[in-house]
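Asks: Dropping the sequence and predicted coords here.
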Amino acid sequence: MALSLQDAFSSLEDPRIERHKRHQLLDIIILAICAVISGAEGWEAIETFGKEKQDWLRKWIALENGIPSHDCIARVISRIEPGKLTECFIAWAQSVARLAFGEVVAIDGKTARHSYDRKNKLGAIHMVSAWANQAGISLGQVKTEAKSNEITAIPALLDLLEVKGCIITIDAMGCQTDIAEKIIEKQADYVLAVKGNQKHLYEAITDYFEEAIAANKPELCQLQTSVETDAGHGRIETRRCYLSTCLDTLPDAEKWKGLKGIGMVESERFINGQITLERRHYICTLTDVKPFAHAARAHWGIENSLHWVLDVTFREDDSRIRKGYAPENFNIVRQLCINLLKKEPSKLSIKRKRFMATLSDKFREKIIFST
């Protein structure tokens, strides 16, 4: 059964001491979510939304002492422990998204460029998120201090998620033996991109596919092939996906828990009379080229459906929210809002839905409280 937002966040620990509580923590959280859904991008905008929509908000939260000031909202959200807020987010997300067997879950990181705090010598936050492609929902996120720390953040994020039966896709930064082992522990499959950070593995895979394709004897090379072509807007793209279960040429193949195949995706694009060719290489636990091809392509859903929306629609990179835990917590609120907006069944864009939520109490109510 899907959790309501009130139920999902009711267990969140309040960082304030009792005598300083004029406004309930749940009231502040729900107010922030409703305001951000409706286009608010900062503390003052959240306060303004609350004052304009106070009667409507009282249908859902008490607001015994009215709308908190923007300073109060900022102070409270910047002090909430992000790990606890993430736990509430994940509990809600898992209650509303029933992941199908074979669901592609893409894991990738994104830096909020203007979240640095020069005064306190704090760098911009980097969030690693998990995106369920078919369900169209963010499953959770954890913060790292830098992109290089994704290696430690990814297992921590996987520990929080229920991904049994899913296919986990990660770019080359996450191509690590410990991460592969963690995914197998979670009873999931993986498709991991391979680049120069795994030099010997990368060279072995590229050499194998060059020789196997040149030999033109797929049955001897245990080679499966899938070809797709897309055309539109003056562009023609042909994607050739190759998968082999022959691991004989790989160095230390036994180190990769569950490893069953190696893959290559060759993208040939014809644009304005020019042809470009790109090849990407992978290791995986899959033995069929069709789900491999689907997973390799679906990985980019996290860029298009989450990171791009955070940057362009929610203007995360322009945000100057920097105090305490606020940048991380506001990212969690944004991702929750994206989930709610995508769950709303109309065919409107995310931008149009936010505009409609600004104008219409009924539409906003449908987005937020129809769980």
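Replies: Great, that's in hand. All figures in this text were calculated on a predicted structure; none of them were measured in a lab.

Asks: List of residues touching the lowest-mean-pLDDT helix or strand in the chain?
Replies: Across the helices and strands of the chain, mean pLDDT, DSSP states H and E gives its lowest value to strand 223-232, namely a mean of 86. Residues outside strand 223-232 that contact it (C-beta atoms under 8 Å, 6 or more residues apart in numbering): 212-213, 218, 236-244, 246, 288-290, 293. (Glycine included, C-beta is placed from N, CA and C.)

Asks: change it to 7 Å
Replies: In this structure, residues lying in contact with strand 223-232 by C-beta atoms under 7 Å, 6 or more residues apart in numbering are 212, 218, 236-244, 289-290, 293.

Asks: What strands line up against that strand, and which way round?
Replies: According to DSSP bridges, strand 223-232 forms sheet pairs with strand 235-244 (antiparallel).

Asks: Residue 271 against residue 235, yeah?
Replies: Yes: Residue 271 sits in contact with residue 235 when judged by C-beta atoms under 7 Å, with a separation of 4.9 Å.

Asks: What residue, apart from its backbone neighbours, is nearest residue 255 spatially?
Replies: Nearest non-adjacent residue to residue 255, counting by C-beta to C-beta, 6 or more residues apart in numbering: residue 177, 5.0 Å away.

Asks: thought that neighbour was touching residue 254?
Replies: No: Residue 177 is beyond contact range of residue 254, at 10.2 Å (criterion: C-beta under 7 Å).

Asks: Tell me who's in contact with residue 256.
Replies: Counting by C-beta under 7 Å, 6+ apart, residue 256 touches 177, 180, 283.

Asks: and the first one, how many residues sit next to it?
Replies: Using other C-beta atoms under 10 Å, residue 177 has 13 neighbouring residues.

Asks: which residues are in contact with the helix or strand hosting residue 107?
Replies: For residue 107, the host element (DSSP states H and E) is strand 104-111. With contacts defined as C-beta under 7 Å, 6+ apart, strand 104-111 is touched by 124, 126-134, 139, 144, 147, 150, 154, 157, 163, 166-171, 174, 294-295, 298-299, 301-302, 307, 310.

Asks: Only the buried subset of the residues you listed, as a PyMOL command please.
Replies: The buried subset of the contacts of strand 104-111, as determined by 16 or more other C-beta atoms under 10 Å, is captured in PyMOL by this line:
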select buried, resi 124+126+127+128+129+130+131+132+133+134+139+144+150+154+157+163+166+167+168+169+170+171+174+294+295+298+299+301+302+307+310
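
Asks: So which of the contacts of strand 104-111 are in strands?
Replies: In strands, judged by DSSP state E, the following of the contacts of strand 104-111 are found: 126-132, 139, 144, 167-170.

Asks: quick one on the thing from earlier: and the strand holding residue 107, which strands flank it?
Replies: Short version: by DSSP bridges, strand 104-111 pairs with strand 126-132 (antiparallel), strand 167-170 (parallel).

Asks: Out of those, which is closest to residue 315?
Replies: strand 126-132 (15.6 Å; C-beta to C-beta).

Asks: so where's this protein uncertain?
Replies: For the chain, the stretches flagged by pLDDT under 70 are 113-123, 145-148, 219-220, 233-234, 371.

Asks: now do 80
Replies: For the chain, the stretches flagged by pLDDT under 80 are 1-2, 19-20, 112-125, 145-149, 216-221, 231-235, 271-273, 322, 370-371.

Asks: okay, now the domains of it?
Replies: Here the domain parsing of the chain from automatic domain parsing is 5-83+328-369, 194-290.

Asks: Which among the ones you listed is found nearest to residue 318?
Replies: Of all the domains of the chain, domain 5-83+328-369 sits nearest to residue 318, with 8.1 Å by C-beta to C-beta.

Asks: okay, how far is it across that closest one, tip to tip?
Replies: End-to-end span of domain 5-83+328-369 (C-alpha to C-alpha, to the nearest Å): 8 Å.

Asks: same question, stretch 165-173
Replies: Using C-alpha to C-alpha, the end-to-end distance of stretch 165-173 comes to 23 Å.

Asks: who's in contact with it?
Replies: 99, 101-108, 150-151, 154, 179, 183, 187-195, 197, 291, 295, 298-299.

Asks: what's the distance between that stretch and the middle of its chain?
Replies: 12 Å (C-alpha atoms, centre = their mean, to the nearest Å).
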